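Enquirer: Structure, please.
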Amino acid sequence: MSSVPFVSIIIPTCNRTELLAACLEALVPQIPPDGSVELLVCDDGRDFQTRDFLAHITPHHPTAQWHRGPRKGPGANRNFGVGQARGEWLVFIDDDCVPRPGYLSGYLAAFQKAGPGSRAIFAGATYREREHDFPLLNEAAYYRGANDLPPACNFAMPRALYLEAGGFDERYRVSFEDIELFARLGLTGVTPRFLCEAAADHPSRPLPSPFTLAKRWEARVTSTYDFGASTVQVLWRLPRHVLMVILSRFRGRAWSRDNLRAAKAFACEFLITLWKLPGWVLHERSGLRSDFWKKQQSLGNIPRNFGL
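Expert: Predicted structure coming up:
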């Protein structure tokens, strides 16, 4: 038995015991019994439902450790998990992902091949149902290794590299924390490697309310200021960017009743974003800026058009 684990698997969760149960059901049987892999469930829930759930299933999932999260968003919850972890390698999987057979062995093989002192980041394949005609009234994360930055729901990296990078920026409490981290790492010469063997399924869920959709854009106000934009540039570029993203969702789509319903939801998302934007700007324009991005501004290494 290994006294210090080689790998720490971190699952951030928040009031989703049914989804967490499906994740654990698929993941736990893949964990070797020699103590080389530890499993941490970091709970941002409002109560102790997840703790009690894990206690109930402990005879079946004895490797799952429950930790009370900081309740400051998913990025902060992952950072907290790293603080509890002991492994040389960190594997992050969200509670609403279901690992496929061979998921963990795919990561373990990649870690062994990378060797000690590696600075590699691996992003596992993430699948969703009906990938080519995914309903606009649903949402689910997916990643097939294209040129896009991977979502944070299924990736792995050395603990030392994570700490060197400073982990997730905890100012991003709703969205964009994963994109910002991978963009930051990319500018230090470290980019994710696609790992098809470490595959997980991401079940679809109904599209959230337009208010929830709009709230996600607040993070882009933070990032745009970090990238050096002025208030005028934020007020002009962000609405245009949101509109272009919404229009891109309909590319290649045939008109149908469901797509018309989705168009109504996205139109409300856009209008709510316009309504909320002045308040977000007032809050963020004098907020704390990232030291990393301040330095990148001075070096001219900011995203083109401030990422918008």
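Enquirer: Stretch 167-185 spans what distance, first to last residue?
Expert: Stretch 167-185 has an end-to-end distance of 10 Å (Cα to Cα, to the nearest Å).
Enquirer: For that stretch, buried residues please.
Expert: By neighbour count on 16 or more other Cβ atoms under 10 Å, the buried set for stretch 167-185 is 167-173, 175-185. All C-beta spots, glycine's among them, are computed from the backbone N, C-alpha and C.
Enquirer: Return the residues in contact with the closest residue to Pro135 other than its chain neighbours.
Expert: Of all residues not flanking Pro135 in the chain, Asp258 sits nearest, at 6.4 Å (Cβ to Cβ, 6 or more residues apart in numbering). Neighbouring residues of Asp258 by Cβ atoms under 8 Å, 6 or more residues apart in numbering: 135-137.
Enquirer: can you put these in CSV and add distance to Lys295 and neighbour count?
Expert: Shown next, in CSV, are the contacts of Asp258 (distance: Cβ to Cβ, whole Å; neighbours: other Cβ atoms under 10 Å):
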residue, distance to Lys295, neighbour count
Pro135, 43, 16
Leu136, 40, 19
Leu137, 42, 13
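Enquirer: out of the residues you listed, which one sits closest to Val234?
Expert: Taking Cβ to Cβ as the measure, Val234 lies nearest Leu136 of the contacts of Asp258, at 27.6 Å.
Enquirer: Helices along the stretch 51-200 of the chain, start to end?
Expert: Along the stretch 51-200 of the chain, the segments classed as helices by DSSP state H, counting those that start in this stretch run 74-84, 103-114, 159-165, 177-186.
Enquirer: TSV for these, including distance to Ala125 and mean pLDDT?
Expert: Converted to TSV, the helices of the stretch 51-200 of the chain look like this (distance: least, Cβ to Cβ, whole Å; pLDDT from 0 to 100):
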stretch	distance to Ala125	mean pLDDT
helix 74-84	20	95
helix 103-114	9	96
helix 159-165	21	95
helix 177-186	16	93
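Enquirer: re earlier: kindly reformat the contacts of Asp258 as a markdown table containing distance to Cys97 and pLDDT.
Expert: Converted to a markdown table, the contacts of Asp258 look like this (distance: Cβ to Cβ, whole Å; pLDDT from 0 to 100):
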| residue | distance to Cys97 | pLDDT |
| --- | --- | --- |
| Pro135 | 19 | 91 |
| Leu136 | 22 | 93 |
| Leu137 | 21 | 94 |
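Enquirer: ok, these vs Leu274, which is closest?
Expert: Relative to Leu274, the closest of those is Leu136; by Cβ to Cβ it sits at 21.0 Å.
Enquirer: Just to check, the closest one is in contact with Pro206?
Expert: No - applying Cβ atoms under 8 Å as the test, Leu136 and Pro206 come out as separate, 11.2 Å apart.
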